[in-house]
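Engineer: can you look at this prediction? I've put the sequence above it.
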Amino acid sequence: QVQLVESGGGLVQAGGSLRLSCAASGRTFSSYAMGWFRQAPGKEREFVAAIFRSASSTYYADSVKGRFTISRDNAKNTVYLQMNSLIPEDTAVYYCVAGRPLGVGSYYRPNSYDYWGQGTQVTVSS
């Protein structure tokens with residue numbers, strides 16, 4: 001069992017930056033791929049970014065590529081999402097996820113992840 005707790009959300013002006021953190025419980029953190037999804041009001045949950053167990057590979061949604069960076073520290077059981085050049089369209093609840101996706105395509109699908117955090121709100125004002 002893995003428990004995920006997100007932090008770092010808040011209100012920021014367009015063009016600003018935020019860094020989300022996700023602390024995971026359990027001793028098997030390094031055996032899981034980690035990722036972030038987000039859900040805006042009235043919209044479906046969408047993939048944001050993911051990182052392989054060893055951090056050797058990362059994946060990004062086209063909408064955040066070049067602005068967001070996912071990283072992980074397996075010694076601290078923590079995954080991060082550095083968000084730069086934020087725009088109002090980034091406003092959403094951001095969820096940390098853990099799982100064992102099979103194949104590159106599966107990293108982008110929410111049903112590839114077994115564990116979800118409760119989410120942290122990110123609001124970008126124009």
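Structural biologist: Cool, got the structure. Numbering: from 1, shown residues only.

Engineer: number of nearby residues for residue 89?
Structural biologist: The number of residues packed around residue 89, counting by other Cβ atoms under 10 Å, is 11. Every residue, glycine included, has its C-beta placed from N, CA and C.

Engineer: for residue 18, that is, sorry about that
Structural biologist: The burial count assigned to residue 18 is 21, neighbours taken as other Cβ under 10 Å.

Engineer: surely it meets residue 8?
Structural biologist: Yes: with the criterion set as Cβ atoms under 8 Å, residue 18 and residue 8 qualify as a contacting pair; they are 6.2 Å apart.

Engineer: what residues does the helix or strand hosting residue 19 touch?
Structural biologist: Using DSSP states H and E, residue 19 maps to strand 18-24. Counting by Cβ atoms under 8 Å, 6 or more residues apart in numbering, strand 18-24 makes contact with 2-10, 12, 32, 34, 36, 76-83, 86, 94, 96, 98, 117, 120, 122, all of which sit outside it.

Engineer: next one: stretch 104-116
Structural biologist: Around stretch 104-116, the neighbours that count as contacts under Cβ under 8 Å, 6+ apart are 1-4, 32-33, 35, 37, 45, 47, 50, 59, 61, 95-102.

Engineer: PyMOL command to pick out the buried ones of those?
Structural biologist: Buried residues within the contacts of stretch 104-116, as defined by 16 or more other Cβ atoms under 10 Å, are selected in PyMOL through the command that follows:
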select buried, resi 2+4+32+33+35+37+47+50+59+61+95+96+97+98+99+101
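
Engineer: buried sites along stretch 18-36?
Structural biologist: When neighbours are counted by 16+ other Cβ under 10 Å, the buried residues of stretch 18-36 are found to be 18, 20-24, 29, 32-36.

Engineer: ramachandran coordinates for the most centrally placed residue in the chain?
Structural biologist: When Cα atoms, centre = their mean is applied to the chain, the residue found nearest the centroid is residue 36 (2.0 Å). Residue 36 has phi and psi values of phi -130, psi 140 when expressed as degrees, to the nearest 10.

Engineer: just to revisit the earlier point, just the contacts of stretch 104-116: which are in helices?
Structural biologist: Cross-referencing the contacts of stretch 104-116 against helices under DSSP state H gives no overlap.
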